[in-house]
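In: Please work out how this folds:
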Amino acid sequence: MKFDPWFVRQPAPGRRFRLFCFAYAGGSAASFAQWQAELDPAIEVCAIQLPGRGSRFGEAPSRSMPELVLRIAERVAAQRDLPFAFFGHSLGALMAFEVASYCHRHGLPMPEHLFASGCNAPQFRSPPKNLHLYTDANLISALQGYKGTPPDVLRNTELMTLLLPMVRADFSLAENYQYRPRARLAIPISVLAGRSDEYTTEEQVNGWERETTGPCNVHWFEGDHFFLNTERRAVLDCVGAGLADLQRA
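Out: Predicted coordinates:
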């Protein structure tokens, strides 16, 4: 299979289903590094690697959601060998939703399931805080509040100097996002949310049901916005069960 810098995966014989994973703001394909070993071996975990991180660190990070959606949708559409689903957390869920919507509008192959994790429904997003405009010190302080970045990393001045442009670009993607009405998707949506996530409400989570004509099920987990990490086993069990249903269908 031809190498594509947008994807990080471990192809192997016997894979029957592909799970494209979209990371949160400031995250990378490495955020899903342990998933392949912990999910059914028949599932290929294919993590999206955006410019400005990982092996693409030398590239300028993008601040254009439409550009990223177009590029990812084209590359996903080219992977026609396996049925697939999308999983995204926070910004990643928003991006996964937009890629699925783009595929729907343009007649491209569709994911068979969308897992939207740690993300308010597109029509129920909170007003932006404009974190991407914060000073370096204030942005680092805000990252501490999200609890998704190790404290040792936040205290490393040289490392944060390298990472902040990518983090700002990601927050810009989220904070400049504008929802546009469109036809509902026709796929199941599983919504994953943290019970102690101060950045969401039950109404904002349940709003995902407006984006599909298929079933929309909400799953609550212990933890804050980054329950994805602290409750990884429970999250993987939820995702694995959803994918198992698809493979039995």
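In: What is the subsequent helix or strand relative to the longest helix along the chain?
Out: With secondary structure taken from DSSP state H, the chain has its longest helix at helix 157-175. Downstream of helix 157-175, the first helix or strand assigned by DSSP states H and E is strand 189-194.
In: re the thing from before, quick one: buried residues of the longest helix of the chain?
Out: 160, 163-164, 166-175 (16 or more other CB atoms under 10 Å). Using the backbone N, CA and C atoms, a C-beta is placed for each residue, glycine as well.
In: Kindly report the same for stretch 41-58.
Out: 43-53, 56.
In: Can you tell me what sits against the helix or strand of the chain with the lowest mean pLDDT?
Out: Using mean pLDDT, DSSP states H and E, the weakest-scoring helix or strand in the chain turns out to be helix 136-146, at a mean of 88. Contact with helix 136-146 is made by 26, 129, 131-132, 134, 149, 151, 154, 160-161, 164, 167-168, 225-226, as judged by CB atoms under 8 Å, 6 or more residues apart in numbering.
In: how about 7 Å then?
Out: 131, 134, 149, 154, 160, 164, 167, 225 (CB atoms under 7 Å, 6 or more residues apart in numbering).
In: Check stretch 149-156 too.
Out: Contacts for stretch 149-156 (CB under 7 Å, 6+ apart): 26, 140, 143-144, 159-160.
In: on that earlier part again, which one of the buried residues of stretch 41-58 is nearest to residue 74?
Out: For these, the closest approach to residue 74 (CB to CB) belongs to residue 48, at 12.7 Å.
In: Where does pLDDT dip in the protein?
Out: Where the chain drops to pLDDT under 70, the residues are 1-2, 247-249.
In: all helices of it, in order?
Out: Under DSSP H, the chain gives helices at 35-38, 65-78, 91-105, 136-146, 151-155, 157-175, 202-206, 227-230, 232-248.
In: CSV for those, including distance to residue 11?
Out: Converted to CSV, these look like this (distance: least, CB to CB, whole Å):
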stretch, distance to residue 11
helix 35-38, 11
helix 65-78, 14
helix 91-105, 21
helix 136-146, 33
helix 151-155, 31
helix 157-175, 27
helix 202-206, 34
helix 227-230, 24
helix 232-248, 17
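In: Point out the most buried one among these.
Out: With neighbours defined as mean count of other CB atoms under 10 Å, these peak in mean count at helix 91-105, which reaches a mean of 23.
In: Distance from the chain centre to that one, please.
Out: Put simply, helix 91-105 sits 10 Å off its chain's centre (CA atoms, centre = their mean, to the nearest Å).
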